[in-house]
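[1] Here you go, sequence then predicted model.
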Amino acid sequence: MQKIIKRKDLKENMIIYGDVINTYGSVLINSGTVIDKRALKLLENNNIYEVRILDAENEDKRLEGLETHLEEIRKTTKFKEINHKYTLCYSNIQSQFDDVIDRDKKVDKQEIISGINTVLNKVDNTNELFDALYGMQLKQNQMYMHSLNTALISNVLARWLNFSEKEINDITLAGLFHDIGMLMMPEELLLKKEDELTKADKEMLEKHTIYGYRYLMKHELNRQIGLTALTHHEKIDGSGYPLQIMSPAICTYSKIVTIADAYDELTLTEDGARNPFSLIYEFEKYGISKYDTQYIMVFLEGIMDTYIGCDVLLSDNRVGRIIYINKSDMSRPTVKCGDDYVDLSAEKEIQIIKFV
């Protein structure tokens, strides 16, 4: 069920029902998007005064007594084992980051890779890893957690792309250290909420890419690891920062880490419940202009395959299981609801709202 609500009454974590269209006829916000500060700002800047949202009261009634996919994941022995190894790895990485920043120590690359591999060795396939990451609840420092998640996702994508073991290790480190420059930002700046940042604040934050590059090159890491810290916010069409460079000038590692960084940043929330399909749609829509096509297509196919078998809530209030991914429209799979098969690539009016 859905209802219309005025923009001033929107709250964070409400869920958009149906695409929000701007005055030029373009999709401003995709159906299924969870309302956050960025979405609220988009609505305000585009003079959108009311939107349709999922009626949470009716949704809760529909889901009564249904054990969610996340709850199932968190109860498994496998998840608990992965979570334990992840926590140990996280603690070691936090200690390493503190050492290199506060005591100017060299990075122990082998120890870091060994710790990350203890997490990866606990999973039998990528489905289990992404299920585990999706099921994590963010109780740790989000900067360190995001860095570790980006390293793990970068590792998976590098394997899907058939890089050598040495290159995979370096790409994993590039994912881990891509945001190290953030640790060199003033603490009071990092504590500000996004809507509190001034233009000067944002310009300062963008310099984390330069600080991270300088620091990593000083400590004699692989040059592409340093370049990844510098260019992970660049886009292949030249629309990124800090250099506004285009595809040929962006290093391979950075093109991979940028995808992993965006996926983790936009899909994981406090309860792990954000719907990733709007992000998949954005990747499909803008992937050609923003991301390296050969890398983004491999990532999308790989990541969507991990969602086969997951239960989702549809916008018509049905709960079903994803059984097939349409390679030409990956954000709109086929869902089995009881005895019915719902091909979302054909039934455009129906949206995936969230995983359950």
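    Ah, there it is. Numbering: from 1, shown residues only.
[2] how's this protein carved up into domains?
    For the chain, automatic domain parsing gives the domain ranges 2-62, 69-274, 311-355.
[3] closest to Ile280 out of those?
    Among these, domain 311-355 comes nearest to Ile280, with 4.2 Å by Cβ to Cβ. Just so you know, the C-beta spots here come from the backbone N, C-alpha and C atoms, and that holds for glycine as well.
[4] and the closest one, how far from the chain's centre?
    21 Å (Cα atoms, centre = their mean, to the nearest Å).
[5] what's the answer for stretch 81-97, then?
    With Cα atoms, centre = their mean as the basis, stretch 81-97 stands 20 Å off its chain's centre.
[6] Flag every buried residue along it.
    By neighbour count on 16 or more other Cβ atoms under 10 Å, the buried set for stretch 81-97 is Ile82, Asn83, Lys85, Tyr86, Cys89, Tyr90, Asn92, Ile93, Gln94, Gln96, Phe97.
[7] Return the subset of those residues lying in helices.
    Ile82, Asn83, Lys85, Tyr86, Cys89, Tyr90, Asn92, Ile93, Gln94, Gln96, Phe97 (DSSP state H).
[8] Surely the second one touches Asp131?
    This means Asn83. No - if you go by Cβ atoms under 8 Å, Asn83 and Asp131 don't touch, sitting 11.2 Å apart.
[9] Phi, psi for Lys354 please.
    The phi and psi values for Lys354, taken as degrees, to the nearest 10, are phi -170, psi 160.
[10] Look up the pLDDT of it for me, please.
    Looking at Lys354, its pLDDT is 74.
[11] ditto for Glu270
    In this model, Glu270 is scored at 52, pLDDT.
[12] One more: Lys85?
    Reported pLDDT at Lys85 in the predicted model: 91.
[13] And it, how far from Ser154?
    Distance, Lys85 to Ser154, using Cβ to Cβ, to the nearest Å: 18 Å.
[14] same deal with Val335?
    Separation of Val335 from Ser154 (Cβ to Cβ): 30 Å.
[15] Look at these two and report which has more neighbours.
    Remark: of Val335 and Ser154, Ser154 carries more neighbours, 29 against 24, as counted by other Cβ atoms under 10 Å.
[16] how about low-confidence regions in the stretch 151-300 of the chain?
    Per-residue confidence for the stretch 151-300 of the chain (pLDDT under 70) gives these ranges: 220, 268-276.
[17] Next one: Tyr241 from Pro333, what distance?
    In this view, Tyr241 and Pro333 are 34 Å apart by Cβ to Cβ.
[18] Check His219 too.
    44 Å.
[19] ok, Tyr241 and Pro333, which is more surrounded?
    Set Tyr241 next to Pro333 and count neighbours by other Cβ under 10 Å: Pro333 wins out with 24 against 15.
[20] Which pLDDT value belongs to that one?
    With respect to pLDDT, Pro333 scores 92.
[21] Now for it: which residues touch it?
    Applying Cβ atoms under 8 Å, 6 or more residues apart in numbering, one finds that Pro333 lies in contact with Met304, Tyr307, Ile308, Ile322, Ile323, Tyr324, Ile325, Asn326, Leu344, Ser345, Ile352.
[22] May I ask which of the residues you listed has the most neighbours?
    Highest neighbour count within the contacts of Pro333: Ile352, with 27 neighbours (other Cβ under 10 Å).
[23] now that residue, which residues is it bridged with?
    For Ile352, the beta-bridge assignment (DSSP bridges) gives partners Leu314.
[24] For the nearest residue to Lys6 once chain neighbours are set aside, which residues are in contact?
    Distances taken as Cβ to Cβ, 6 or more residues apart in numbering place Glu50 nearest to Lys6, at 4.9 Å, with adjacent residues excluded. Residues near Glu50 by Cβ under 8 Å, 6+ apart: Ile4, Ile5, Lys6, Arg7.
[25] Now name the helix or strand holding the nearest residue to Lys348 once chain neighbours are set aside.
    Spatially, and ignoring its direct neighbours in sequence, Lys348 is nearest to Arg332 (7.8 Å; Cβ to Cβ, 6+ apart). Using DSSP states H and E, Arg332 sits in no helix or strand.
[26] Next one: Arg332 from Asn46, what distance?
    25 Å.
[27] Comparing those two, which residue is more hemmed in?
    A side-by-side neighbour count of Arg332 and Asn46, using other Cβ under 10 Å, places Arg332 first with 23 against 15.
[28] wait, isn't that one in contact with Leu344?
    Yes - counting by Cβ under 8 Å, Arg332 does reach Leu344; the two are 3.8 Å apart.
[29] Tell me where the chain has strands.
    Using DSSP state E, the strands of the chain run over 2-6, 20-21, 27-29, 50-54, 311-314, 319-324, 334-337, 340-343, 352-355.
[30] Now distance to Asp108 too, for the ones you listed, in TSV please.
    Below are the strands of the chain laid out as TSV (distance: least, Cβ to Cβ, whole Å):
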stretch	distance to Asp108
strand 2-6	52
strand 20-21	48
strand 27-29	44
strand 50-54	47
strand 311-314	42
strand 319-324	41
strand 334-337	46
strand 340-343	50
strand 352-355	37
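[31] which one of those is the most hemmed in?
    Among those, strand 352-355 has the highest mean neighbour count (mean count of other Cβ atoms under 10 Å), at a mean of 24.
[32] Show me what that strand is packed against.
    strand 311-314 (3 or more Cβ pairs under 8 Å, 6 or more residues apart in numbering; DSSP states H and E).
[33] Could you measure from the closest residue to Asp124 other than its chain neighbours over to Asp131?
    Spatially, and ignoring its direct neighbours in sequence, Asp124 is nearest to Lys78 (8.0 Å; Cβ to Cβ, 6+ apart). Per Cβ to Cβ, Lys78 is found 9 Å from Asp131.
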